[in-house]
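Visitor: Build the 3D model from these lines:
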Amino acid sequence: MAGSRSRGGFFFGLTGGLVAVVVLSVLPVVATDGDPMIVGAKNVARTVTRLTTRGGLRVNNVRAGNPALILNVADPGVTPPMVVNSDALVVGLNADLLDGLEGSAFAVAGHDHDTDYLSVDGAAFDSSRLGGVVASRFLRGGVGVGADRLPMMGNTCLLRGGFLLGFLDGSRLLCSNPGGSGVFTDSGQSLGTDYSYGVGLGDLDGDGDLDAFVANYDQGSRVWVNDGSGGFTDSGQSLGSNASHGVGLGDLDGDGDLDAFVINYDQGSRVWVNDGSGGFTDSGQSLGSSASYGVGLGDLDGDGDLDAFVANAGEGNRVWVNDGSGAFTDSGQSLGTINSYGHDVGLGDLDGDGDLDAFVAHYNWGNRVWVNDGSGVFTDSGQSLGASNSDGVRLGDLDADGDLDAFVTNYSEGDRVWVNDGSGTFTDSGQSLGTSYSYGLGLGDLDGDGDLDAFVAIYMHGNQVWVNDGSGTFTDSGQSLYSWSSRKVGLGDLDGDGDLDAFVATDGHGNRVWFNG
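Guide: The predicted structure is shown next:
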């Protein structure tokens, strides 16, 4: 995806729903003899890895320094230098590591792929049996490789158009397993009774699976704890009073666990601090006073921590700047008008310059693209995209050309796919998907073919799964999943089988968990 980059340990330009398998590389660590170090992380599929600027990589909250390369299983003493088992994740090679491996062969046990060559920084690598290992660089110009097409990385990630298909959630870069049929089955769970308007998935209690933080409108927000098989139990916490519309999860205070930025309708947004075990405490901040509907977390000003872009109704959208400890200050920007009704925001590098821009879905206005100057100051690109009561947006490389496109859900007409030309200029693909009443969505590889599909939460009808053909053209899978008042959806491997499941927040009828077959 064009313009993706690492800054201060956070990866940019990759957005979307949470998924369960982890990736990889940050700053190099050099051993005392000057050779690059290779760090092994076993059972990565059930591990949540975080990148931070305070000590580098964490695996299950254990500080692992700043490794140059992460594999499922790795033994730096073998020849060739990287021999891993067939379920290997990969990988990011930076310039220092490339110097140490120039001319070396990559071998992956158990794979029989044709020999291919990967050119990185002008160096050719014999990637024999390239099924589990792929090299890539994290640079200002993007996650780049010297080939237009690369095969699957084992059973974990896929490179399309030379760019990694992945998802940014808070301070974590994660890749989805290409698995699952894309056919969903109701788990039979009905979680809660309140009007739930938002959900964030993440490993909140540090046990390696995905839990759910649910934002509720008529009572406090709830934390639902996963037992690892996709069975959820209420943690017993009631966080806040009411009128919450959404939540963003990320390591806001730099201590290595996932905190929550909760947006509210009739009071300021709140920051809830995680103690590492999934117990949350109000930080005491009340941020803003408008009706907030959407939030995106990312390093907007380039200082290495997570800031917040909040979409508002009743005033302009706001940028809240984090000081690194989880204390937020209003940047002073009011983006949009009092009547524009911002309902959701997707953050990603839309124009290829290496920082995070914002695509805002508006309910009363054409959708807007706000361009970041790199310091967290945003300018309207001048585009007004659609005018049909948009409620949700997710960004991803939908047409496999290496940049971030936008899938936008609409309340009063079909959903739309907006195609990026790489410079941040969007064109309507001409598709009208569904009829109306769409709220939230999640993007992910639902059917295991390596592209991004869409799970759309529908308010008045059954939820829909839209299947991508790889070029950004979507077809209705024919599924109608539950038929009452769905609001938002989070995607992730909830049952530990390696594919993307769905946690759907519903309006007063119990939240639902849908397992991918």
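
Visitor: could I get stretch 289-308 in CSV with only the CA atoms?
Guide: Written as CSV, here are the backbone C-alpha positions of stretch 289-308 (Å, rounded to 0.1, in the frame of the first residue of the first chain):
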residue,chain,number,x,y,z
SER,A,289,-18.4,18.6,24.2
SER,A,290,-20.0,17.8,20.9
ALA,A,291,-21.9,14.8,19.6
SER,A,292,-19.0,12.5,18.5
TYR,A,293,-19.7,9.6,16.2
GLY,A,294,-16.3,8.2,15.0
VAL,A,295,-12.7,8.0,16.1
GLY,A,296,-9.4,7.0,14.4
LEU,A,297,-6.2,6.5,16.3
GLY,A,298,-2.8,7.0,14.8
ASP,A,299,0.4,9.0,15.0
LEU,A,300,-0.8,12.1,13.4
ASP,A,301,2.0,14.5,14.3
GLY,A,302,4.9,12.2,13.9
ASP,A,303,6.1,12.0,17.5
GLY,A,304,5.6,8.3,17.9
ASP,A,305,2.5,8.1,20.0
LEU,A,306,-1.2,7.6,19.2
ASP,A,307,-3.3,10.7,18.6
ALA,A,308,-7.0,10.8,17.9
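
Visitor: pLDDT below threshold where in the stretch 301-450 of the chain?
Guide: 450 (pLDDT under 70).

Visitor: Where do the strands of it begin and end?
Guide: Here the stretch 301-450 of the chain has its strands, by DSSP state E, counting those that start in this stretch, at 307-313, 318-322, 328-330, 342-348, 357-362, 368-372, 378-380, 390-396, 405-410, 416-420, 426-428, 438-444.

Visitor: same for the first one, what does it pack against?
Guide: Going back to what we said before, that points to strand 307-313. strand 291-298, strand 318-322, strand 342-348, strand 357-362 (3 or more CB pairs under 8 Å, 6 or more residues apart in numbering; DSSP states H and E). The way it works is simple: take the backbone N, C-alpha and C, and place the C-beta from them, glycine included.

Visitor: Please name whichever of the strands of the stretch 301-450 of the chain is nearest to residue 234.
Guide: Minimum separation from residue 234 across the strands of the stretch 301-450 of the chain (CB to CB) falls at strand 438-444, 21.7 Å.

Visitor: Run me through the strand neighbours of the closest one, direction for each.
Guide: If you go by DSSP bridges, strand 438-444 pairs up with strand 453-458 (antiparallel).

Visitor: in its sheet, what does whichever helix or strand comes after the strand it pairs with sit against?
Guide: Sequence order places strand 464-468 as the next helix or strand after strand 453-458, per DSSP states H and E. Note on strand 464-468: by DSSP bridges, its sheet partners are strand 453-458 (antiparallel), strand 474-476 (antiparallel).

Visitor: Check the ones you listed for me and report the most buried one.
Guide: Among these, strand 453-458 has the highest mean neighbour count (mean count of other CB atoms under 10 Å), at a mean of 28.

Visitor: Any idea how many residues pack against the spatially closest residue to residue 495 that is not a sequence neighbour?
Guide: Leaving out its chain neighbours, the residue that sits closest to residue 495 by CB to CB, 6 or more residues apart in numbering is residue 230, at 3.5 Å. When neighbours are counted by other CB atoms under 10 Å, residue 230 registers 21.

Visitor: Now do the same contact list for the closest residue in space to residue 480 that isn't next to it in sequence.
Guide: With sequence-adjacent residues excluded and distances taken as CB to CB, 6+ apart, residue 480 is closest to residue 462, at 2.9 Å. Going by CB atoms under 8 Å, 6 or more residues apart in numbering, residue 462 touches 479, 480, 481, 482, 483.

Visitor: Could you pull out the buried residues of stretch 268-279?
Guide: By 16 or more other CB atoms under 10 Å, the buried positions in stretch 268-279 come out as 269, 270, 271, 272, 273, 274, 278.

Visitor: do stretch 413-432 as well
Guide: 413, 415, 416, 417, 418, 419, 420, 424, 426, 429, 431.

Visitor: how about the helices of the protein, start to end?
Guide: Counting by DSSP state H, one finds helices in the chain at the ranges 95-101.

Visitor: Could you list the domains of it?
Guide: The chain breaks down by automatic domain parsing into domains covering 24-156, 184-516.

Visitor: among these, which is the most enclosed?
Guide: domain 184-516 (a mean of 22).

Visitor: Can you check the distance spanned by that domain, start to finish?
Guide: 5 Å (CA to CA, to the nearest Å).

Visitor: from the buried residues of stretch 268-279, which single one is nearest residue 398?
Guide: Nearest to residue 398 among the buried residues of stretch 268-279 is residue 269, at 29.9 Å by CB to CB.

Visitor: Might one say that the closest one is in contact with residue 261?
Guide: Yes: counting by CB atoms under 8 Å, residue 261 is a contact partner of residue 269 at 6.5 Å.

Visitor: Could you pull out the residues contacting both of these two?
Guide: 295, 308.

Visitor: How about residue 464: what's its closest non-neighbour residue?
Guide: residue 456 (4.8 Å).

Visitor: Where does the prediction get shaky in the chain?
Guide: In the chain (pLDDT under 70), the answer is 1-179, 450, 483.

Visitor: neighbouring contacts of stretch 269-281?
Guide: So stretch 269-281 is in contact with 61, 204-206, 211, 221, 223, 225, 235, 237, 239-240, 252-253, 255-264, 282-283, 285-288, 292, 295, 308, 310, 320, 326, 328, going by CB under 8 Å, 6+ apart.

Visitor: if you set the cut-off to 7 Å instead, what comes out?
Guide: With contact meaning CB atoms under 7 Å, 6 or more residues apart in numbering, stretch 269-281 is reached by 61, 204-206, 211, 223, 225, 235, 237, 239-240, 252-253, 257-264, 282-283, 285-288, 292, 310, 326, 328.

Visitor: got the buried residues of stretch 268-279 as CSV, with distance to residue 471 columns?
Guide: As requested, the buried residues of stretch 268-279 are arranged in CSV below (distance: CB to CB, whole Å):
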residue, distance to residue 471
269, 38
270, 42
271, 41
272, 41
273, 43
274, 40
278, 41
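
Visitor: quick one: which of those is nearest residue 500?
Guide: Among the buried residues of stretch 268-279, residue 278 lies closest to residue 500 (CB to CB), at 22.2 Å.

Visitor: how close does that closest one sit to residue 475?
Guide: In this view, residue 278 and residue 475 are 39 Å apart by CB to CB, to the nearest Å.

Visitor: Fine, thanks again, bye for now.
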